[in-house]
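Engineer: need coordinates for the following:
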Amino acid sequence: MKWKVNIRKEVKVAVILLALSFLIAFSERKIDGLVCKDIVIELDNSRENHFMDEADVLRLVENSGQSIKGTSLDQIDLRAIERKLMQDKHILDADLYGDLKGNLVVKVALRRPIARIVQADAPDAYIAEDGVVMSVSDKYTSRVVLISGAYAKQIIELGDLNKKEEGVKLLSMIEFVNDDKFWKAQVAQLDINSQGRITIFPQVTGQRVEFGKAEDIENKFRKLMIFYKEILPTRGWTRYERVSLEYEGQIIAE
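Structural biologist: Numbers count the residues shown, from 1 in each chain. Okay, the predicted model is just below:
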């Protein structure tokens with residue numbers, strides 16, 4: 001009986017695979033020669049990124065250098081359009097395909113900003129969660145931690161924090177701040193000098209926090225929490241102008 005049951009299962013699997021192959025082949029034959037009637041934009045905006053909308057994506061597709069509407073779907077170079085879309089740093093991923101109704105479906109996912117680079121003598125920019133630097137938009141301003149200082153120019157020139165070890169460490173620090181409810185509300189700005197040393201400007205307390213380089217991140221924030229919870233309440237919230245976390249095992253306040 002076991003031998004018969006196994007045979008039946010194998011036959012069922014074979015029939016299902018055959019049916020799926022038939023459907024795929026049928027769909028491909030239906031699409032072959034089908035003329036593109038319309039362009040349908042599907043924008044993944046679940047991350048609340050409003051830098052681009054469907055109209056922006058549509059303009060990029062229409063300006064890709066190809067004639068789309070009225071052209072057979074199998075004659076449209078979808079890969080070329082995808083590459084064109086991916087040139088916009090706000091776009092994380094793009095996928096194009098033709099459906100049986102004659103539509104060119106364009107599915108786009110957007111990057112989510114986690115920090116904003118601010119410069120006095122040059123345009124601002126955003127750092128996305130994957131480390132890529134992208135331009136600001138007139139459509140939307142994201143409330144994220146600010147990055148300033150001489151190192152900001154280096155970040156923009158780099159274009160992607162993952163290209164250097166210092167950038168990877170800074171990305172880890174930004175992620176640490178954003179993942180903690182208290183620090184996300186408290187850390188307003190990271191000012192970074194040309195050597196990569198960070199000064200934190202907090203949202204509430206007035207002390208300038210000399211963090212040093214983006215290393216030993218958890219331990220330094222642990223020391224800063226001790227300063228907030230145990231030192232300021234007893235010594236006075238306005239007594240100190242700066243606090244240094246750079247040296248291991250020490251909290252220096254002046």
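Engineer: could you list the buried residues of stretch 162-174?
Structural biologist: 166-167, 169-171, 173-174 (16 or more other Cβ atoms under 10 Å). Where C-beta positions appear, they are placed from N, C-alpha and C, glycine not excepted.
Engineer: and it, how far from the chain's centre?
Structural biologist: 14 Å (Cα atoms, centre = their mean, to the nearest Å).
Engineer: sorry, back to before: how about the buried residues of stretch 162-174 in CSV, adding distance to R143 and pLDDT?
Structural biologist: Shown next, in CSV, are the buried residues of stretch 162-174 (distance: Cβ to Cβ, whole Å; pLDDT from 0 to 100):
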residue, distance to R143, pLDDT
E166, 26, 94
G167, 23, 95
K169, 24, 96
L170, 19, 97
L171, 19, 97
M173, 18, 97
I174, 14, 97
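Engineer: looking at those, which is nearest K220?
Structural biologist: Using Cβ to Cβ, M173 comes nearest to K220 of those, at 9.3 Å.
Engineer: part of a strand, is that closest one?
Structural biologist: No - M173 is assigned helix when assessed by DSSP: H, G, I helix; E, B strand; the rest coil, not a strand.
Engineer: now it: closest residue in space, sequence neighbours ignored.
Structural biologist: Nearest non-adjacent residue to M173, counting by Cβ to Cβ, 6 or more residues apart in numbering: A214, 4.3 Å away.
Engineer: can you tell me the SS state at that neighbour?
Structural biologist: Here A214 is recorded as coil under three-state DSSP.
Engineer: and it, how many residues sit next to it?
Structural biologist: 22 (other Cβ atoms under 10 Å).
Engineer: still on that earlier bit, now render the buried residues of stretch 162-174 as TSV, adding distance to S194.
Structural biologist: Shown next, in TSV, are the buried residues of stretch 162-174 (distance: Cβ to Cβ, whole Å):
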residue	distance to S194
E166	11
G167	14
K169	16
L170	14
L171	19
M173	17
I174	19
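Engineer: now for the residues you listed, which pair is the farthest apart?
Structural biologist: Between all members of the buried residues of stretch 162-174, the farthest pair (by Cβ to Cβ) comes out as E166 and I174, at 12.8 Å.
Engineer: neighbouring contacts of stretch 171-179?
Structural biologist: Applying Cβ atoms under 8 Å, 6 or more residues apart in numbering, the external contacts of stretch 171-179 come out as 114-115, 127, 129, 131, 144-145, 161-162, 183-184, 187, 190, 198, 214, 217-218, 221.
Engineer: which element is F176 on?
Structural biologist: Using DSSP states H and E, F176 sits in helix 165-179.
Engineer: avg pLDDT for the following helix or strand past that helix?
Structural biologist: Per DSSP H and E, the first helix or strand lying C-terminal to helix 165-179 is helix 181-186. Helix 181-186 carries an average pLDDT of 96.
Engineer: how about the strand or helix carrying A55: buried residues?
Structural biologist: Assigned by DSSP H and E, A55 belongs to helix 54-62. Of all the residues in helix 54-62, those buried under the rule 16+ other Cβ under 10 Å are 56-57, 60-61.
Engineer: which among those gets closest to E210?
Structural biologist: Among the buried residues of helix 54-62, and counting by Cβ to Cβ, the member closest to E210 is D56, at 41.6 Å.
Engineer: per-residue pLDDT of that closest one, please?
Structural biologist: pLDDT, D56: 93.
Engineer: one more: E254?
Structural biologist: Looking at E254, the pLDDT reads 88.
Engineer: count of residues packed around it?
Structural biologist: Using other Cβ under 10 Å, the number of residues around E254 comes to 10.
Engineer: any figure for the gap between it and D77?
Structural biologist: Taking Cβ to Cβ, to the nearest Å as the measure, E254 falls 64 Å from D77.
Engineer: next, the contact list for E218, please.
Structural biologist: With Cβ under 8 Å, 6+ apart, E218 has these contacts: F176.
Engineer: go with 10 Å
Structural biologist: With contact taken as Cβ atoms under 10 Å, 6 or more residues apart in numbering, E218 is in contact with 172-173, 176.
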